[in-house]
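Asks: Quick check, what structure comes out for this input:
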Amino acid sequence: MATKLTERQQQILALIRDEIRRTGFPPTRAEIARSLGFKSANAAEDHLKALARKGAIELTAGASRGIRLITPPSLGSEAASPSSPALSVIDRLLLPIVGRVAAGSPILAAEHIEREIGVEPSLFSQTPDYLLKVRGLSMRDAGILDGDLLAVRKSAEARNGQIVVARLGDDVTVKRLLRTGKRLELLPENPDFSPIVVGDQDDFSLEGIAVGLIRTTPLH
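Replies: Down below sits the predicted model:
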């Protein structure tokens with residue numbers, strides 16, 4: 001990275017990398033402030049803006065987790081050269097991109113796959129099985145925007161609070177899973193959308209767990 005970072009900026013960058021490795025998603029401003037002892041999330045925001053100006057990260061306005069590393073988490077603060085092993089085509093994962101899913105059909109059916117792309121494995125906390133094209137803004141405040149590619153690991157089980165791909169009736173949706181006793185909810189990350197309560201009689205199944213994100217649209 002050409003521009004030198006302050007010690008505090010290096011700490012924040014390391015925190016972002018660690019959180020992406022651990023959960024697949026960047027921390028919120030509040031989580032950064034809490035981890036590093038800032039008095040408010042605004043202090044974290046000021047440091048993030050400085051990191052963005054120096055080219056270390058990109059920020060998405062209005063999203064609490066809208067932070068994207070310019071270099072993969074595994075590369076540290078050093079820029080990777082085209083010949084770096086981390087960027088070797090041989091080492092890349094070939095993942096299918098799943099578009100709109102027809103009602104009642106398997107999510108990885110051939111008709112749903114738009115194309116396949118090679119991606120760097122270290123971008124994700126766990127190895128994904130496919131990329132799902134996000135539709136809508138119900139997960140905006142988790143940094144997941146319309147048109148993004150959500151990296152998904154196939155799983156029929158998920159921990160409370162994880163972001164999941166779920167099938168409910170004829171729809172496939174991305175939401176945060178919340179279990180409270182026997183009550184099951186799918187929570188949006190946008191106050192304009194309402195939680196979905198899953199009833200005992202509903203046709204519900206988990207398709208997978210979100211393990212990362214690829215932004216496909218330019219930042220404004």
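
Asks: alpha carbons only for contacts and neighbour counts from here, please
Replies: Fine.

Asks: any weak-confidence spans in this structure?
Replies: 1-3, 61-64, 71-92, 217-220 (pLDDT under 70).

Asks: how about the strands of it, start to end?
Replies: Listed in chain order, the strands of the chain (DSSP state E) span residues 57-59, 67-69, 93-98, 113-119, 130-133, 149-154, 163-168, 171-180, 183-187, 196-198, 204-214.

Asks: The fourth one pairs with which strands, parallel or anti?
Replies: This means strand 113-119. Partners of strand 113-119 in the sheet, by DSSP bridges, are strand 93-98 (antiparallel).

Asks: And for the strand it pairs with, what's in contact with it?
Replies: Under the criterion C-alpha atoms under 8 Å, 6 or more residues apart in numbering, residues 107-108, 112-121, 128-133, 149 lie in contact with strand 93-98.

Asks: Include mean neighbour count and distance to residue 36 when you put the strands of the chain into CSV, please.
Replies: As requested, the strands of the chain are arranged in CSV below (neighbours: other C-alpha atoms under 10 Å; distance: least, C-alpha to C-alpha, whole Å):
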stretch, mean neighbour count, distance to residue 36
strand 57-59, 19, 18
strand 67-69, 21, 17
strand 93-98, 19, 34
strand 113-119, 14, 32
strand 130-133, 24, 33
strand 149-154, 22, 29
strand 163-168, 23, 25
strand 171-180, 18, 26
strand 183-187, 17, 28
strand 196-198, 14, 35
strand 204-214, 22, 24
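
Asks: Which among these is found nearest to residue 39?
Replies: The closest approach between residue 39 and any of these, judged by C-alpha to C-alpha, belongs to strand 67-69 at 20.5 Å.
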